[in-house]
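Colleague: here's a sequence, model it:
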Amino acid sequence: MEEYPLYLGLGSNIGDRKGNIIEALARLDKALGCHYDAVSDLVETDPWGFEADEKFMNAVVRYIMPVPRGTSEYVGCVNAHADEARKILRICKDIEKSMGRTENVEYGPDGKRMYHSRIIDIDILMAGDWRIDEPDLKIPHPLMQERDFVMIPLRQIMDRK
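Modeller: Now for the predicted structure:
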């Protein structure tokens with residue numbers, strides 16, 4: 001069976017931050033149908049892109065995902081990747097919502113996205129060698145290299161085989 005690594009970033013700065021990440025991992029396992037392969041240590045960081053009194057707890061998790069049945073012949077096909085990535089994105093958004101996150105995307109006068117405190121945030125960082133560049137779905141995550149709270153835990157688990 002063909003497989004690909006899926007890396008997700010998780011963060012929380014409201015309530016029981018560690019508990020929120022543990023709960024999100026359990027829900028991801030159930031929704032994705034498999035247990036994660038590796039999870040980083042938790043990293044505490046200041047908010048990125050906004051100010052808040054509460055620090056974030058962050059982690060990166062890796063799943064080894066099966067290539068969906070019937071798509072293995074399309075492994076190099078952008079459309080097959082985008083379809084699978086959209087399913088994963090929907091799972092992440094559904095978990096965020098079910099845990100109490102409200103989606104209020106706002107933009108400042110400069111056109112840049114404004115960030116807010118959140119009970120849970122789940123981002124797709126990378127999925128195999130996929131390259132997806134759509135308005136609401138970009139893989140690899142375009143800002144991950146600017147964020148130590150992503151890169152430090154990501155390096156930690158990428159070094160694990």
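
Colleague: which residues of this protein fall in helices?
Modeller: 17-32, 78-98, 148-158 (DSSP state H).

Colleague: output the contacting helices and strands for the shortest one.
Modeller: Where contact means 3 or more Cβ pairs under 8 Å, 6 or more residues apart in numbering; DSSP states H and E, helix 148-158 is packed against strand 3-12, strand 43-45, strand 56-66, strand 121-127. For every residue, glycine as well, the C-beta is placed using N, CA and C.

Colleague: how big is the angle separating that helix from strand 121-127?
Modeller: 50 degrees (axes from the mean of the first three to the mean of the last three Cα atoms, to 10 degrees).

Colleague: ok, back up a step: closest to residue 89 out of the helices and strands packed on helix 148-158?
Modeller: Between residue 89 and these, the tightest spacing by Cβ to Cβ is seen for strand 121-127, at 6.2 Å.

Colleague: what's that closest one packed up against?
Modeller: Applying 3+ Cβ pairs under 8 Å, 6+ apart, one finds that strand 121-127 makes contact with strand 3-12, helix 78-98, strand 137-139, helix 148-158.
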